[in-house]
Each structure stands twice: as structure tokens, then as C-alpha cells.
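Chemist: Next one to model:
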Amino acid sequence: MTDHTLVLLRHAKSDWSGDEDDRHRPLAARGRRQAPEAGRWLASGVERIDLAVVSPAVRARSTWELAAAELAVPPPVRLEEDVYAASADGLLDVLAGLPEDLATVVLVGHNPGLEDLVEQLTGEWVSLPTSAVAVVDLPGAWADVARVTGVLRATGRPPS
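Modeler: Reported below is the predicted structural model:
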């Protein structure tokens, strides 16, 4: 069996001052500062990322673009409609469909789905405020992700 690493990244702080709908809400100034910090955290704490699975929401895409710019080798990106507003079960379905040759995947999305997913995978609840990262080591195949118990390796959040 192959072991995998899942990196969860919650989108950076969004700007609520405009009249955009939820899907089109941009990052706030604080979010534009936080996202590169999250990328630097990833660059120093995660050896290699094989794929980024990103919600199509503007704030999630922008977060990933800013974070990925801090990586020596940014991975390919897959915008995934099913990550937007997904529950933990919906996110598990997305993960279960990943190819086995992907050792480390970053999932850029939203709460409460990300917090619930960490808890479902590890049995530990962690707070994932904007720009927070959680790294979970998973035994076995992506297809079996809903039936395994992972290990929470790290969590963190860049300064505001």
C-alpha cells in the first residue's frame, strides 16, 4: 500500500465590503498578505506537492495562486467544483477519485468542510481559520481514504 499526505489549506481572509456573491468574493488586504505566508509555510514544511485541488471560488483560487508563487516547484492545479461548499463526505469523495501516483495533494477549500474532514480523518478537531494549514498523513490508497485513520502531522496559520 502507498502512503499519502493530504495538505488542507483554508482560503485566506475574504473581502465582505462589496456586493459580490459568495463564489466571486475576492480576498481582503489581510488575505493577500496571509496567502503568501501560507505558501512559505508550505515551502518549508512540505517536501513536494504533486497536485493542488482547488475550489473554483475566487477567494480559494486567489489564495492558491499567491501561496503557490512561494513554492520552488508549484504543482499542477485542478479546479474542482465539488470542493466548493463541500461537506467532509463530499471532500472524501473528491479524494477517493485521485490517482494513486499522487503522493502529496493540497486541497484548497472552505469551512466547515475542511475542519470536519480533518476530524473525520484523524479523530482530532482542529480550528482552521483563514489561511490555516493542516497536514495529514494517510495510510493506504486514496480510494480507501474514508476507511482509514490518518495522523495529524502539523497545523499552522500565518500571522495576520
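Chemist: how about residue 111, secondary structure?
Modeler: The three-state label given to residue 111 by DSSP: H, G, I helix; E, B strand; the rest coil is coil.
Chemist: ok now do it, which residues does it touch?
Modeler: 10, 128 (Cβ atoms under 8 Å, 6 or more residues apart in numbering). C-betas here are computed from N, CA, C, even on glycine.
Chemist: cool, residue 81 as well?
Modeler: residue 56 are the contacts of residue 81 under Cβ under 8 Å, 6+ apart.
Chemist: what does residue 71 give?
Modeler: 39, 42-43, 49.
Chemist: Can I have the buried ones of those as a ChimeraX selection?
Modeler: Remark: buried members of the contacts of residue 71, expressed as a ChimeraX selection using 16 or more other Cβ atoms under 10 Å:
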select :39,42,43,49
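Chemist: Secondary structure added to the contacts of residue 71, as a markdown table?
Modeler: Below are those laid out as a markdown table (three-state DSSP):
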| residue | secondary structure |
| --- | --- |
| 39 | helix |
| 42 | helix |
| 43 | helix |
| 49 | coil |
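Chemist: which one among the contacts of residue 71 gets closest to residue 148?
Modeler: For the contacts of residue 71, the closest approach to residue 148 (Cβ to Cβ) belongs to residue 49, at 20.3 Å.
Chemist: Would you quantify the distance from the closest one to residue 3?
Modeler: Separation of residue 49 from residue 3 (Cβ to Cβ, to the nearest Å) stands at 15 Å.
Chemist: What would stretch 150-157 look like as CSV? C-alpha coordinates only.
Modeler: Extracted C-alpha coordinates of stretch 150-157, given in CSV (Å, rounded to 0.1, in the frame of the first residue of the first chain):
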residue,chain,number,x,y,z
GLY,A,150,-4.8,9.4,9.4
VAL,A,151,-2.3,11.1,11.6
LEU,A,152,-2.3,14.9,12.0
ARG,A,153,1.3,15.8,11.4
ALA,A,154,1.1,19.6,11.6
THR,A,155,-1.2,22.6,11.7
GLY,A,156,-0.4,26.2,11.5
ARG,A,157,-1.5,29.7,10.4
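Chemist: Return the set of buried residues in it.
Modeler: Result for stretch 150-157 [16+ other Cβ under 10 Å]: buried residues 150, 152, 155, 157.
Chemist: can you check stretch 32-42 too?
Modeler: Buried residues in stretch 32-42, defined by neighbour count with 16+ other Cβ under 10 Å: 32-39, 41-42.
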